[in-house]
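A predicted structure for the sequence below; I have some questions about it.
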Amino acid sequence: MTTKPKTLAACTVMLAGALAGCGAPREALKMHVSYHRANTAGSVVLGSPGSGDFGFSLASSGNTMLVGDDLGGADQAGVVYVYSKHRDGWVHTGSLLPPGQGIAAAGDRFGYSVAVSGNTAVVGAQSSGGGGDGQGQAFVFQ
């Protein structure tokens, strides 16, 4: 495999049951997802609905997948994209942003880390919280 300079090929990987994901931020803003369920195997490429670091963080539970884009939005604010598994494949069904704020603040890097289990999601914002770079916060969604 050949990579372009400053490209993080497969910097994020996810394994949830028979679902495997590989995020390659800055690589054409795409993420590769492979799956194997009940004698059905396949692979899809999800394109970013925005720009930034699409696929920087990944998590999946059941029919829900979270894709973090910690540099998405204005001024590296960040956003998390929600995908749902449907009969026709993975469909972008929404986005997560910090509660009560509507958008993440510039430089927060919301979506730096993501986790999901059932109906609960946790999103990390590496530089959120006002205490300097790297202090961060975690936001819980139910």
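Yes, it's here. Residues are numbered from 1 along each chain as shown.

so where's this structure uncertain?
For the chain, the stretches flagged by pLDDT under 70 are 1-11, 18, 20, 22-45, 47-51, 101-102, 130-134.

Tell me which stretches of it form helices.
Taking DSSP state H, the chain contains no helices at all.

Show the residue spans covered by the strands in it.
Taking DSSP state E as the criterion, the chain contains strands spanning 12-16, 19-24, 30-37, 40-47, 57-61, 64-69, 79-86, 89-96, 110-117, 120-125, 137-141.

So which of these has the densest surroundings on average?
Highest mean neighbour count among these (mean count of other C-beta atoms under 10 Å): strand 64-69, with a mean of 26. All C-beta atoms are positioned from the backbone trio N, CA, C, and that covers glycine.

quick one: contacts of that strand?
By C-beta atoms under 8 Å, 6 or more residues apart in numbering, the surrounding residues in contact with strand 64-69 are 19, 21, 23, 25, 31, 33, 46, 48, 50, 52-60, 78-85, 90, 96, 111-116, 121, 123.

and the angle from it to strand 137-141?
Put simply, strand 64-69 runs at 150 degrees to strand 137-141, going by axes from the mean of the first three to the mean of the last three C-alpha atoms, to 10 degrees.

Given strand 64-69, what are its sheet partners and their directions?
In the sheet, strand 64-69 lines up against strand 57-61 (antiparallel), strand 79-86 (antiparallel) (DSSP bridges).
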